[in-house]
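K.L.:
predicted model follows, preceded by the sequence.
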Amino acid sequence: MIFDIERPDPKLLTYYVLSCLLTGPLFFILIVPNYFRYHTMRFRFDDEGISMRWGILFRREIHLTYARIQDIHLVSNFVERWLGLARIQIQTASGSSKAEMTLEGILQYERVRDFIYSKMRGFRSGGVSAPAHPDTSHAEAIAPILKEIASELRAIRARLEGGADRV
């Protein structure tokens, strides 16, 4: 469940180590901030928006409401794909060309992206957000009605196509 995601997956620390190893002699300088970033990174998803915070000496905290979110991008390089990770870049209408928030270390990145999209659409279409837990029993009750509507539309199309041949 999306609301239960509070910490990045341990694979993110592996990614940080591997990416710092690529820098060669700068490894020990770059691994320290990444190590603390990983251990202090926290996410919070609620009905209003997303919060993310990290840092020890310089604590950063970002809170975005779903109504402010303009676009979402999934970005992953070769190593991230190998580890099953992707970055979710969230942009707002702030005028900045870069992402306002980047969620890292989440294994269910596609589910999180879809969740954020559903919340965005909910706020844009009148302020009612999509339910966090869709009711599947309701969908099962509607399925026979939709099948009947589809069969009637096919019959109407067949009649129209048959009528078009006669003209």
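P.N.:
The structure has been received and is ready for your questions. Quick caveat, the model's predicted, so the values are computed rather than measured.
K.L.:
give me the residue at the spatial middle of this structure.
P.N.:
Relative to the mean C-alpha position of the chain, the nearest C-alpha, by Cα atoms, centre = their mean, is the one of Arg113, at 1.6 Å.
K.L.:
ok, that one touching Leu74?
P.N.:
Yes. In this structure, Arg113 sits in contact with Leu74. The criterion is Cβ atoms under 8 Å, and the distance is 6.0 Å. For every residue, glycine as well, the C-beta is placed using N, CA and C.
K.L.:
let me see the mean pLDDT of the longest helix seen in the chain.
P.N.:
Longest helix in the chain by number of residues, with DSSP state H as the criterion: helix 136-166. Averaged across helix 136-166, pLDDT comes to 82.
K.L.:
pull the helix or strand harbouring Arg53 out as CSV, backbone CA atoms only.
P.N.:
Using DSSP states H and E, Arg53 maps to strand 49-54. In CSV, the C-alpha atoms belonging to strand 49-54 read as follows (Å, rounded to 0.1, in the frame of the first residue of the first chain):
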residue,chain,number,x,y,z
GLY,A,49,0.0,15.3,-0.6
ILE,A,50,3.5,13.9,-0.4
SER,A,51,6.2,14.8,2.1
MET,A,52,9.9,14.0,1.8
ARG,A,53,12.7,14.9,4.2
TRP,A,54,16.3,14.1,4.6
